[in-house]
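# Okay, sequence plus prediction incoming.
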Amino acid sequence: MTDYFRPLVQIGPARPDTAVFLAGGWGWFTHAEVLSRSTPPRVVPAADIPASVMARLTAPRPAMAGLTLDRPRIMGILNTTPDSFSDGGQHNAVPDALRVAQEMVAAGADILDIGGESTRPGADFVPVSEEITRTAPVIAALRGAELHTPISIDTRKAAVAEAAVSAGANLVNDVSGFTFDPALGPLCQKLALPVCVMHAQGDPATMHLDPQYDNVLLDVFDALERQISILEASGIPRGAILADPGIGFGKTQDHNLALLARLSLFHALGTPILLGVSRKRFIGTIGNAPQAQDRAPGSIAVALAGLGQGVQMIRVHDVDDTRQAVALWHAAYFGSIL
């Protein structure tokens, strides 16, 4: 049976001689947890990690859409939808979206993620023409306003991505993991675009209906490895791929917590990791915050836990609060200012 090696990530300036840096970032490790579908977990020294896995764990991640990944990066969420679970209807008009985007960048967003189709549980399909109408004019307006921050288009559809890139987007973020539209991967390869591959079980309309896994951590890892390998074989370099375990997408609360507790396993994909937990339902349940807008503290707590496991990018609604938390998290651990 296959063994999976999860680095036991530590952070801070004091490191033993046996420490190995993780992915060219701020984390390091001396041991790994070995996971398997057939045997109990065990801990081994880093020296016992196979060379092929160690190469993936330690290789510095290339810059993504112009952003170096040797420091935590904040992706600001800008939904131009009427029905997103947290901010639906707030940014439909281009002037409103432009204002909020500028506020996010001023608050510290490193990249903006613009989406025109809600992916909340139970969401309806949005036609291509409508999704383009919701997103491309916003992106064009941002570029017209001399906003040079990288922009990600959050879509499952090649035509939407093509229109967004023509308007000025730099990255394609597909919540289906490039399984929905067979034309999307070839488009990204043709245009040499970096991409984000997210795991989801089912589609937004049905993903909340009794999701099942044999082993959620290993099942999600294997699914991402398959999709990344397919994209790599098509000509998209692994260094141009972000991996997102898809917290809340076709997963119960227990599934989400199992993924978060061992999130560092995903570094073994050899890609940077994107973590999107902002205002998710499990945060409201555990943190007793029924309203999505009240979940910033819990969202930030989970995001910082992700940074502690070496996650390179966090996708958030509350950019200003998150930036402040990340700055103080770094200062407290490293004794220096980002």
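Good, I have the coordinates.
# what's the average pLDDT for stretch 267-279?
For stretch 267-279, the mean per-residue pLDDT is 98.
# scratch that, stretch 11-29 is what I was asking about
Mean predicted lDDT for stretch 11-29 stands at 96.
# Just the C-alpha atoms of that stretch, please, in CSV.
Provided in CSV are the C-alpha atoms of stretch 11-29 (Å, rounded to 0.1, in the frame of the first residue of the first chain):
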residue,chain,number,x,y,z
ILE,A,11,8.0,27.8,12.6
GLY,A,12,10.3,30.2,14.4
PRO,A,13,13.9,31.2,14.2
ALA,A,14,15.4,28.5,16.4
ARG,A,15,16.0,25.3,14.4
PRO,A,16,18.1,22.2,15.0
ASP,A,17,20.8,21.2,12.5
THR,A,18,18.5,18.4,11.2
ALA,A,19,15.7,20.9,10.2
VAL,A,20,14.7,21.0,6.6
PHE,A,21,13.0,24.0,5.1
LEU,A,22,9.5,23.5,3.7
ALA,A,23,8.8,24.6,0.1
GLY,A,24,11.2,27.5,0.4
GLY,A,25,9.0,29.2,2.9
TRP,A,26,8.9,30.1,6.6
GLY,A,27,8.2,26.6,7.9
TRP,A,28,10.6,23.8,8.6
PHE,A,29,10.5,20.2,9.8
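# what distance separates that stretch from the centre of its chain?
22 Å (C-alpha atoms, centre = their mean, to the nearest Å).
# Same question for it: list its buried residues.
Ile11, Val20, Leu22, Ala23, Gly24, Gly25, Trp26, Gly27, Trp28, Phe29 (16 or more other C-beta atoms under 10 Å). (C-beta placed from N, C-alpha, C; glycine too.)
# which stretches of the chain form helices?
Along the chain, the segments classed as helices by DSSP state H run 51-58, 94-107, 128-144, 158-167, 184-190, 216-233, 253-261, 281-287, 296-308, 319-334.
# and the ones you listed, which is most packed in?
helix 158-167 (a mean of 22; mean count of other C-beta atoms under 10 Å).
# pretty sure Ile114 contacts Ala169?
Yes - with contact defined as C-beta atoms under 8 Å, Ile114 reaches Ala169; the gap is 7.4 Å.
# list the residues that contact both of the two?
Ile139, Ile151, Ser152, Ile153 (C-beta atoms under 8 Å, 6 or more residues apart in numbering).
# Closest one to Leu269 out of those residues, please.
Nearest to Leu269 among these is Ser152, at 19.0 Å by C-beta to C-beta.
# Could I get the pLDDT score of that closest one?
98.
# Ile114 and Ala169: which has the busier surroundings?
Taking neighbours as other C-beta atoms under 10 Å, Ile114 and Ala169 compare with Ala169 leading, 30 against 27.
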